[in-house]
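Chemist: next comes the sequence, and after it the predicted model I'd like to discuss.
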Amino acid sequence: MDLDVIDPASWLRRGLLGVSRNDSLRSVIESAPVSRDVVSRFVAGAGNDQAVEVASSLHSTGRLVTLDYLGEDTADPQMAQDTKRVYLDLIGALADRGLTSGGKVEVSLKLSALGQALEQDGEQIALDNAREICRAAANADTTVTLDMEDYSTTDLTLSAQRELRQDWPWVGAVLQSYLYRTEQDCRDLAYEGSRVRLCKGAYKQPESVAYQDKSEVDKSYVRCLKILMQGQGYPMVATHDPRMIEIAGVLADRGQRAADSFEYQMLLGIRPDEQQRLADTGARVRVYTPYGEEWYGYLVRRMAERPANLAFFVRAVATTG
Ligand code: FDA
């Protein structure tokens, strides 16, 4: 039986991801004033100044931060350079505020925003841009993690990470438990000094490469978590799922991992009370904090994941209109 046909969540997710490609709807949503208010729950503002303020306020509550300048699939070399510039300025501004030391506030990068998909020399351009950002991060005593995008870029991204790690061994990678390959990638990356952010995966991927059933994705997440927690690296447990968070805690206890040898990570605006609760227990908790004008695709992915997020948006539009 084709479960997609009867699974309302999957249907909604598909619908939303389809809607996200509708340009006129996009421009209506982007220009609606209320969008700004709703978006601010999930996005830290349009520019570096606001991002630094939000990072500073999160840090004052005992949470760590990773900042992501939104944008992906850059098709223009100048945009890739501009994105790099934004990151360099951001790291400078964070360092001036004393927010980078010891990796308190780090940055997350999408290689496609740095030029990976450019027809001419895209991979090299993205790598060169990432190098400059890593150099600035090293000077500011903080770290960089490479986001993971569509499965067709997994090998490229992991190979860029390998290259960058030769100079900066702390460059982290994201692995997605919905991909069949990820258990093996976890084994390959579970060595000392390796930082792996384990998430479930946010893109619609074909059955040939990814589990389609949520329970299979969850089981894979647990298997991957076991590998990372038993390994020598630094696991970054990126999920809002209470079951996964509990299992991570049990595995850490069982492996007698010190509280500073792994961290939990959640997205800005999602389960903030749980973020704070975990941080108050002495666990390391990092808030993935996106910002920038290109918030639309990011927000649609969050809505597709959870109808309650969509209801929040629709309610806000209805009550403002
Ligand atoms: P899932 O969506 O399976 O939900 C499980 C349970 O968690 C729910 O039943 C509910 O109890 C709780 N929950 C989830 N969302 C909630 C909400 N809004 N409010 C209250 N409870 C909620 N993806 C990707 O493909 N590439 C990447 O690079 C990244 N990077 C990344 C970094 C970080 C720090 C995070 C947290 C996530 C990502 N992601 C990502 C996104 C990730 O792949 C995934 O799509 C989302 O995190 C949603 O999956 P969850 O594990 O949170 O649980």
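Modeler: Happy to help now that I have it.
Chemist: how is the protein partitioned into domains?
Modeler: Per the record, the chain has its domains at 1-47+294-321, 58-291, by automatic domain parsing.
Chemist: can you tell me which residues in this protein are near the ligand?
Modeler: 147-148, 174, 176, 197, 199-203, 238-242, 265-267, 270-271, 288, 305-306, 309 (CB under 6 Å from any ligand atom). In this view, the C-beta of every residue, glycine as well, is placed from N, C-alpha and C.
Chemist: I'd like the domains of the chain as JSON lines, with mean neighbour count and mean pLDDT appended.
Modeler: Formatted as JSON lines, the domains of the chain follow (neighbours: other CB atoms under 10 Å; pLDDT from 0 to 100):
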{"stretch": "domain 1-47+294-321", "mean neighbour count": "15", "mean pLDDT": "65"}
{"stretch": "domain 58-291", "mean neighbour count": "19", "mean pLDDT": "97"}
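Chemist: ok, residues contacting the helix or strand Thr145 falls within?
Modeler: Assigned by DSSP states H and E, Thr145 belongs to strand 144-146. Residues outside strand 144-146 that contact it (CB atoms under 8 Å, 6 or more residues apart in numbering) are 66, 106-111, 130, 133-134, 137, 157, 160-161, 164, 168, 170-174, 195, 197, 236.
Chemist: one more: stretch 157-177?
Modeler: Contacts to stretch 157-177, defined as CB under 8 Å, 6+ apart, come from residues 103, 111, 116, 123, 126-127, 130-131, 134, 137-138, 143-149, 182, 185-186, 189, 193-202, 210, 217-218, 220-221, 224, 236, 238.
Chemist: in the stretch 151-300 of the chain, which spans are strands?
Modeler: 172-176, 195-199, 234-238, 263-267, 285-291 (DSSP state E, counting those that start in this stretch).
Chemist: if I look at Ala80, how far off is Ile270?
Modeler: For Ala80, the distance to Ile270 equals 29 Å [CB to CB, to the nearest Å].
Chemist: oh, that last question was meant for Thr157, not what I typed.
Modeler: Distance from Thr157 to Ile270, by CB to CB: 24 Å.
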